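> can you look at this prediction? I've put the sequence above it.
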Amino acid sequence: MKSEKKINNRSFLFLILFSTSLLTLKTLKKVNIQDIKISGSELFSQNDVVKNSSLKFPIRLIFINTFFLENELKENLSLKNISVNRELFPFGLKVKVNTRTPVAYAEKILNNEKVLGFIDIDGIFIDRKNVDEKNLDELAIEVFGWKKKFKKILSEILVAQENYEFELVKITFSPNGFVTVEEKDLKTIFLGFNPNLINYQLQIINKLKIEFKKNNFSDQIDNIDLTDPNKPKIKVFKP
């Protein structure tokens, strides 16, 4: 009995050592492009993962920092979220992406050149190559002069657009941050430089929209100056 027990213990230890060695060898194995498995969107390929990462493939599985890779791909591919997991069985990288949903057309300046793309509800710019442009005909808003520092105020405007009565067709940021919007009926509206006033200004736009709609006054408007929201200035067409 003792001899049989020793044999069983040795077999168990051998199995543990074999499994550990196998796992170690697996983690040292190099990940090639074909070992990358993508889910969540058909828009991105294995090459997109490689091109938008600073990692040099092939690379040993154990050396892949998934947290760092997630941040790189999320930024470079304009993703809402992403998870990257190292897997031994089956061997490779499992990449699950969550894309952003465009709510407006957009244009930004990069290296003195215009770059066309889209904006999501969070005010994030999405390159055209990272969007499936099918079924985007309903987008009615255009954004010009986007910069990362404007994304918060832009998001506030876009959220208000969904909750209020007004219908924006254009949002423009000057290089120094002056905000101008164009509403379907109220025409051009100057909001100015102060991001802390934006919610108050949007409330006023909504009230003006409702009031002018009742009185059919909007046809006479040229522009509205809300840079000082406590003293709105309405310029009308003069015949």
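Received it, and whenever you're ready, just let me know what you need.
> so what pairs up with residue 113 in the strands?
Residue 113 has these beta-bridge partners by DSSP bridges: residue 110.
> so it versus residue 51, what's the distance?
20 Å (C-beta to C-beta, to the nearest Å). Bear in mind the C-beta positions are built from the backbone N, C-alpha and C, glycine included.
> equivalent analysis for residue 133, please.
In this view, residue 133 and residue 51 are 20 Å apart by C-beta to C-beta.
> go on, residue 170?
Using C-beta to C-beta, residue 170 is found at 33 Å from residue 51.
> which of those two has more residues huddled nearby?
Ranked by neighbour count (other C-beta atoms under 10 Å), residue 170 and residue 51 place residue 170 first, with 17 against 10.
> now that one. Nearest residue, chain neighbours left out?
Nearest residue to residue 170, sequence neighbours excluded (C-beta to C-beta, 6 or more residues apart in numbering): residue 182, at 3.9 Å.
> that neighbour contacts residue 169, doesn't it?
Yes - counting by C-beta atoms under 8 Å, residue 182 touches residue 169, with 5.3 Å between them.
> of the two, which one has the most company?
residue 182 (17 against 13).
> got phi/psi on the more buried one?
phi -120, psi 120 (degrees, to the nearest 10).
> list the contacts of it.
Applying C-beta atoms under 8 Å, 6 or more residues apart in numbering, we find residue 182 in contact with 168-172, 188-189.
> gap between stretch 160-172 and the chain center?
20 Å (C-alpha atoms, centre = their mean, to the nearest Å).
> quick one: buried residues of it?
By 16 or more other C-beta atoms under 10 Å, the buried positions in stretch 160-172 come out as 160-161, 164, 166, 168, 170-172.
> need those residues in JSON lines with secondary structure, can you?
Shown next, in JSON lines, are the buried residues of stretch 160-172 (DSSP: H, G, I helix; E, B strand; the rest coil):
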{"residue": "160", "secondary structure": "helix"}
{"residue": "161", "secondary structure": "helix"}
{"residue": "164", "secondary structure": "coil"}
{"residue": "166", "secondary structure": "coil"}
{"residue": "168", "secondary structure": "strand"}
{"residue": "170", "secondary structure": "strand"}
{"residue": "171", "secondary structure": "strand"}
{"residue": "172", "secondary structure": "strand"}
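> let me know the closest of these to residue 236.
Nearest to residue 236 among the buried residues of stretch 160-172 is residue 166, at 18.4 Å by C-beta to C-beta.
> so the residue nearest to the closest one when sequence neighbours are not counted, which of the three states?
Residue nearest to residue 166 in three dimensions, not counting chain neighbours: residue 209, with 4.4 Å by C-beta to C-beta, 6+ apart. With three-state DSSP as the basis, residue 209 sits in helix.
> kindly report the same for the one 5 residues further on.
Residue 214 falls in the helix class when you classify it by three-state DSSP.
> and it, what's its pLDDT?
Note on residue 214: pLDDT of 78.
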